[in-house]
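> when you get a sec, could you give me coordinates for this:
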Amino acid sequence: MRRPVISLVVAILLASTAPAQTETTELPDLHPVPLSGFAEAVSMDGNALVVGARLTSVSGVASAGQAYMYRKTGGTWKFDAELKLAVPELNDEFGTSVSLSGDLLVVGAPELSGANTGRAWVFRRTAGAWNVETELVPSTASLGSAAGTRVAVDGNTVLIYAENPLGLPTVTAFESLAGVWSETAILTSPVSGNDFGSAVSLRGDIAVIGAGDETVSGELGAGAVYIFRRTGLGWVQEFKLTEQGPTAAHHFGREVAFDGSRILVGVDQASVEGIAGAGRLYFYGQPGFGTWALDQELENPNAFGTLGFGAKVAIEGSLGLASYGPNEVGTLRFEGGKWFAEPTFRPAAMDAVGNFGLALALSSGDAAIGGSESGPLPQANSAYTFTLGGGKRNLTHLAIQI
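Modelled structure (predicted):
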């Protein structure tokens with residue numbers, strides 16, 4: 001397979017109270033690869049971006065999966081590296097999940113055939129090159145666990161979700177000391193059947209883990225979010241969040257973002273003004289050590305027009321992203337002590353049935369968004385980047401070429 005070629009789509013999106021106006025210019029020779037899973041998972045840190053492509057065939061092996069690295073140089077995102085396993089296996093789906101922290105990258109491979117045990121791979125960037133450092137398999141992983149479906153990394157700590165169909169789902173912590181990785185903790189919830197690990201986020205000594213199917217106050221599938229803190233005694237559960245007025249099938253906790261100080265929970269199934277599935281966001285802060293409290297609820301500002309607000313979310317400082325559907329994406333801004341949702345946008349070149357907002361990432365004022373179009377090749381996915389700031393956004397289109 002040839003290396004991916006970056007194709008550029010530059011879109012000027014005006015940030016105002018009026019609907020966004022878009023002008024798009026597309027450079028030639030764009031030939032997206034269908035059914036690759038490209039951009040269903042993205043992660044950013046500083047000037048680095050990783051895009052997963054879990055369904056890509058490698059050396060003729062179907063759905064072995066790959067990941068693509070991009071680096072921002074001189075204000076432009078450029079291809080940096082193509083990552084794949086030395087021995088690709090059928091339906092490994094390497095690239096299902098990705099997480100980036102400095103020079104460390106973790107890529108999940110849930111291994112959706114064979115034993116379906118799953119695992120994650122750690123890569124380290126040294127002297128400008130990305131190399132495999134180790135393979136991590138949680139001790140809880142077993143037949144059907146699909147470990148690596150979700151991963152998170154921060155510093156020298158990695159979290160890996162394992163479904164564990166024979167018992168409680170788990171999130172396993174690994175830590176590196178002088179390049180040697182070891183399993184240090186197994187995080188679980190006391191409740192079975194709650195989809196613990198439906199979202200996993202990590203910053204410093206705090207892990208935020210969603211349990212989107214948990215029953216709360218008798219409401220089936222209302223959902224919850226568990227917060228763990230690493231102490232001298234190991235990882236301990238610090239707090240548990242639930243929706244204000246838990247509601248059945250809202251699945252609070254299926255989509256969570258955490259930037260180290262604020263937790264953002266997207267609930268795309270929430271009703272707004274009687275509109276089912278309009279969606280709502282919840283922002284949480286830490287008023288004191290060990291305690292978390294709701295700072296603000298933000299309802300879908302266009303409930304009568306676009307549903308699914310909060311299907312995907314990202315947050316960093318006073319900036320955020322939220323997808324609608326996924327069909328469109330809107331930026332979030334914190335100003336004057338309050339969060340606001342700005343008008344939604346999508347590339348003008350994307351066809352009407354294409355999805356925009358399959359995955360979101362945000363770092364250092366840059367954003368990455370996964371999207372897909374229907375034709376001429378079905379399910380041809382792309383990744384877009386833009387910089388938040390000023391009165392307009394320049395949207396860069398990253399795609400793989402065959």
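
> how about the contacts made by E273?
Neighbour list for E273: E299, A303, F304 [criterion: CB atoms under 8 Å, 6 or more residues apart in numbering]. Where you see a C-beta, it was placed from the backbone N, CA and C, and this is true even at glycine.

> gap between T96 and N302?
Plainly put, T96 is 31 Å away from N302 if you go by CB to CB, to the nearest Å.

> and the two? which has more neighbours close in?
Remark: of T96 and N302, T96 carries more neighbours, 28 against 19, as counted by other CB atoms under 10 Å.

> can you tell me which of the contacts of E273 end up in strands?
The subset of those located in strands under the criterion DSSP state E comprises E299.

> just among the contacts of E273, which is most surrounded?
Neighbours here mean other CB under 10 Å. Within the contacts of E273, the largest count is held by A303, at 20 neighbours.

> my read: it touches V272, true?
Yes. A303 sits in contact with V272 when judged by CB atoms under 8 Å, with a separation of 4.2 Å.

> which one of the contacts of E273 is nearest G60?
A303 (47.7 Å; CB to CB).

> before we move on, the earlier item: pLDDT and distance to W77 added to the contacts of E273, as a markdown table?
Listed next are those as a markdown table, based on pLDDT from 0 to 100; distance: CB to CB, whole Å:
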| residue | pLDDT | distance to W77 |
| --- | --- | --- |
| E299 | 97 | 34 |
| A303 | 89 | 34 |
| F304 | 87 | 36 |
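
> and which of the contacts of E273 is nearest to L104?
Checking the contacts of E273 against L104 with CB to CB, the nearest one is E299 at 37.3 Å.

> quick one, what contacts the nearest residue to the closest one once chain neighbours are set aside?
By the measure of CB to CB, 6 or more residues apart in numbering, the closest residue to E299 outside its immediate chain neighbours is V272, 4.7 Å from it. Shown here is V272, whose contacts under the criterion CB under 8 Å, 6+ apart are A278, G279, R280, E299, N300, A303, F309.

> swap the cut-off to 6 Å and go again
By CB atoms under 6 Å, 6 or more residues apart in numbering, V272 lies in contact with A278, E299, N300, A303.

> mind giving me a markdown table with those and columns for distance to S372?
What follows is the contacts of V272, written out as a markdown table (distance: CB to CB, whole Å):
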| residue | distance to S372 |
| --- | --- |
| A278 | 23 |
| E299 | 27 |
| N300 | 22 |
| A303 | 25 |
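
> E82: which of those residues is nearest?
Lowest distance from E82 to the contacts of V272 (CB to CB) belongs to N300, with 38.5 Å.

> the closest one touches F309, doesn't it?
Yes. The criterion here is CB atoms under 6 Å, and N300 meets it with F309 at 3.7 Å.

> quickly list what's touching both of those two.
Taking CB under 6 Å, 6+ apart as the contact rule, the neighbours common to N300 and F309 are G279.

> who's more crowded, those two?
F309 (30 against 27).

> now do the same for the nearest residue to the more buried one once chain neighbours are set aside: its pLDDT.
Computed as CB to CB, 6+ apart, the closest residue to F309 that is not its neighbour in sequence is G279, at 2.9 Å. pLDDT, G279: 97.

> brilliant, that's me finished.
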